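A.B. asks: Turn this into a model:
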Amino acid sequence: MIARAALPLGLLVLLISNVALAHTGHGVSATAASGFLHPLTGLDHLLAMVAVGLWAAQIGGRALYALPAAFLSVMLIGGLLGTSGVALPAVETMIIGSVLVLGAAIALGRPLPWSLASAVVGGFALFHGFAHGAEMPAAATAATYGLGFLLATAALHGIGIGIAVEQFAARPLLRYAGAAVLVCGLGLMLA
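C.D. replies: Next up is the predicted model:
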């Protein structure tokens, strides 16, 4: 039942997202809602987070839980780094790189072992989290804002898993979804 809602919910999220709205200066209030909206309103974040769910479902087994857990854990660390004022180079490049790499991994259909795939998504999660933390509104508390972006990210991973399990049970269709993510990543890179 929940998996059946994943595709329509995913399409709705895509319709309300905006390529760069999640980035500094867009006037979202300083509540948990602003943290929740950050991953939903940036197409780069949205694609990568749904792709984590797609890839986790494609690999299956332990990856179904390990990839989202790795992403969420390391994203939280990145968020703390972002709020602390630490400099991290190439954040936007790595975020777009995450869309490209995850899309390519799904499209190729040759999944890595779950432990290596977890390390890959964790590495990219550091940059996503850093962007979330660095762009936290000044009036927000890190705990409230962080809870918001963690919940939204977990929901996006769940949407990816749900779409993969329910809609793309046939492996070739899942690979096409990965190719679509890759093409969108190329578009973001050129934008």
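A.B. asks: Chain neighbours aside, what residue packs nearest to the spatially most central residue of the chain?
C.D. replies: Geometric centre of the chain, nearest residue: Met49, 1.9 Å, by C-alpha atoms, centre = their mean. What sits nearest to Met49 in space, not counting adjacent residues and going by C-beta to C-beta, 6 or more residues apart in numbering, is Leu156, at 3.7 Å. For the C-beta atoms, the positions are set from N, CA and C on the backbone; glycine is no exception.
A.B. asks: what about the residue nearest to the centre of the chain, distance to Ala56?
C.D. replies: 11 Å (C-beta to C-beta, to the nearest Å).
A.B. asks: ok, now Pro113?
C.D. replies: Noted for Pro113: a distance of 13 Å to Ala56, by C-beta to C-beta.
A.B. asks: ok, the two, which is more surrounded?
C.D. replies: Neighbour comparison, Pro113 and Ala56: the larger count goes to Ala56, with 29 against 12 (by other C-beta atoms under 10 Å).
A.B. asks: for the more buried one, helix, strand, or coil?
C.D. replies: helix (DSSP: H, G, I helix; E, B strand; the rest coil).
A.B. asks: That one and Val86: what is the separation?
C.D. replies: Noted for Ala56: a distance of 29 Å to Val86, by C-beta to C-beta.
A.B. asks: Count the residues that sit near Tyr145.
C.D. replies: By other C-beta under 10 Å, 26 other residues sit near Tyr145.
A.B. asks: Ok, Leu112 next?
C.D. replies: Neighbour tally, Leu112, other C-beta under 10 Å: 14.
A.B. asks: going forward can the numbers begin at 2, since that is how I track them
C.D. replies: Sure thing, new numbering starts at 2, so read that last one as Leu113.
A.B. asks: What does the pLDDT read for it?
C.D. replies: If you check Leu113, the pLDDT there is 90.
A.B. asks: tell me the secondary structure for it?
C.D. replies: coil.
A.B. asks: which stretches of the chain form helices?
C.D. replies: Ranges of helices in the chain, per DSSP state H, are 3-17, 33-42, 44-60, 64-85, 92-109, 115-135, 143-163, 172-191.
A.B. asks: Kindly export the fifth one (C-alpha atoms) in PDB.
C.D. replies: It refers to helix 92-109. Output in PDB follows, covering the C-alpha atoms of helix 92-109 (Å, rounded to 0.1, in the frame of the first residue of the first chain):
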ATOM      1  CA  VAL A  92      30.500  21.300  -2.100                       C
ATOM      2  CA  GLU A  93      28.200  22.100  -5.100                       C
ATOM      3  CA  THR A  94      30.500  20.100  -7.400                       C
ATOM      4  CA  MET A  95      30.300  17.000  -5.200                       C
ATOM      5  CA  ILE A  96      26.500  17.400  -4.800                       C
ATOM      6  CA  ILE A  97      26.100  17.300  -8.500                       C
ATOM      7  CA  GLY A  98      28.700  14.600  -8.700                       C
ATOM      8  CA  SER A  99      26.600  12.500  -6.400                       C
ATOM      9  CA  VAL A 100      23.600  12.700  -8.800                       C
ATOM     10  CA  LEU A 101      25.900  11.700 -11.700                       C
ATOM     11  CA  VAL A 102      27.600   8.800  -9.900                       C
ATOM     12  CA  LEU A 103      24.400   7.400  -8.300                       C
ATOM     13  CA  GLY A 104      22.500   7.700 -11.600                       C
ATOM     14  CA  ALA A 105      25.300   5.900 -13.400                       C
ATOM     15  CA  ALA A 106      25.600   3.200 -10.700                       C
ATOM     16  CA  ILE A 107      21.900   2.400 -11.000                       C
ATOM     17  CA  ALA A 108      21.900   2.600 -14.900                       C
ATOM     18  CA  LEU A 109      24.900   0.200 -15.100                       C
END
